[in-house]
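**Q** test case, fold it:
(one chain, ligands or ions: 2)
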Amino acid sequence: MGLDVNYIDGQTPLEEDEKESLLIKSITTRGELDEFEQLNIEKAIQWTIGKKWKPLFILSENFIKILHKKMFSDVWSWAGEFRKTNKNIGVDKYEIGIYLKQLLDDSLYWFENQTYSDEEFAIRFKHRIVKIHCFANGNGRHSRLMADIIMSHIFGKPLFNWNRRNLNKKSEARSQYLLAVRIADSGDINPLINFAKSKKG
Ligand SMILES: Nc1ncnc2c1ncn2[C@@H]1O[C@H](COP(=O)(O)OP(=O)(O)OP(=O)(O)O)[C@@H](O)[C@H]1O
Ligand SMILES: [Mg+2]
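**A** Numbering: from 1, shown residues only. Ligands and ions are numbered 1, 2, ... in the order given. Got it, this is the predicted structure:
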């Protein structure tokens with residue numbers, strides 16, 4: 001395999017068979033991979049613009065998979081499919097569907113009962129879904145785009161500010177992001193909400 005990928009803190013390594021699923025065989029470096037993935041993600045963002053989707057559709061397993069497929073199907077053959085191996089993060093591969101169903105049921109309950117502010121809803125959803133880690137890769141970017149779609153398409157609110165900063169590269173912003181994720185793991189969601197809203201970088 002020509003792929004020589006250096007992983008930065010908080011990124012899930014790929015299994016050998018997952019690397020073989022790379023659709024663009026000419027990719028040899030991490031930088032090239034990032035660029036192709038970014039182009040694919042931008043196409044996915046274009047696809048979301050102006051869509052009139054009901055909350056029940058957005059908060060469904062079907063949509064979760066479709067969005068991942070739209071984001072990564074030019075690059076990875078397994079885009080949109082739940083992972084088939086266990087990772088150092090995430091639930092057991094056989095329990096992804098169960099945990100996701102629980103999250104989707106919870107989030108529909110939050111929606112109907114207005115349990116949280118719009119931004120807290122979106123960030124709690126983002127944090128829970130990335131912890132399940134549905135896919136072999138791309139879970140971080142998928143979870144951040146899900147949070148944006150919840151804000152824009154469910155609540156009619158502005159997007160978060162993740163895209164102003166490059167979270168894919170080792171940077172001060174990425175360290176802050178991962179710290180906020182870890183604080184959310186221990187029960188305080190506020191630093192992650194503040195990070196998502198912050199325009200600084
Ligand atoms: N200790 C942790 N607790 C919770 N979530 C974590 C932890 N470490 C990493 N993560 C999450 O896992 C994500 C990385 O997963 P993955 O590599 O599948 O996604 P990605 O889209 O390729 O990465 P990135 O987030 O860099 O865009 C991070 O964005 C972060 O949200
Ligand atoms: Mg990754």
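**Q** all helices of the protein, in order?
**A** 16-19, 30-48, 55-58, 61-72, 96-113, 118-132, 139-149, 172-185, 190-197 (DSSP state H).
**Q** now whichever residue of the chain sits closest to ligand 1, nearest residue through space, not along the chain?
**A** Nearest to ligand 1, among the residues of the chain, is G140, at 1.9 Å (CB to the nearest ligand atom). Heads up, the C-betas are built off the backbone N, CA and C, glycines and all. Spatial nearest neighbour of G140, excluding adjacent residues (CB to CB, 6 or more residues apart in numbering): V130 at 6.1 Å.
**Q** I'd guessed that neighbour sits against N137; true?
**A** No: contact criterion CB atoms under 8 Å: V130 and N137 do not qualify, at 12.0 Å.
**Q** settle it for me: which of these two has more neighbours?
**A** N137 (25 against 21; other CB atoms under 10 Å).
**Q** what residues does the protein put near ligand 1?
**A** Proximity of the chain to ligand 1 is confined to 10-12, 89, 130-131, 137-141, 167-168, 181-182, 185 under the rule CB under 6 Å from any ligand atom.
**Q** next, count neighbours for S143.
**A** S143 - counted by other CB under 10 Å - has 22 other residues nearby.
**Q** that older thread, for A79, find the nearest of the helices of the chain.
**A** When the helices of the chain are compared by CB to CB, helix 61-72 sits nearest A79, at 3.7 Å.
**Q** so what secondary structure elements neighbour the closest one?
**A** For helix 61-72, the packing partners by 3 or more CB pairs under 8 Å, 6 or more residues apart in numbering; DSSP states H and E come out as helix 30-48, helix 96-113, helix 139-149.
**Q** appreciated, that's everything.
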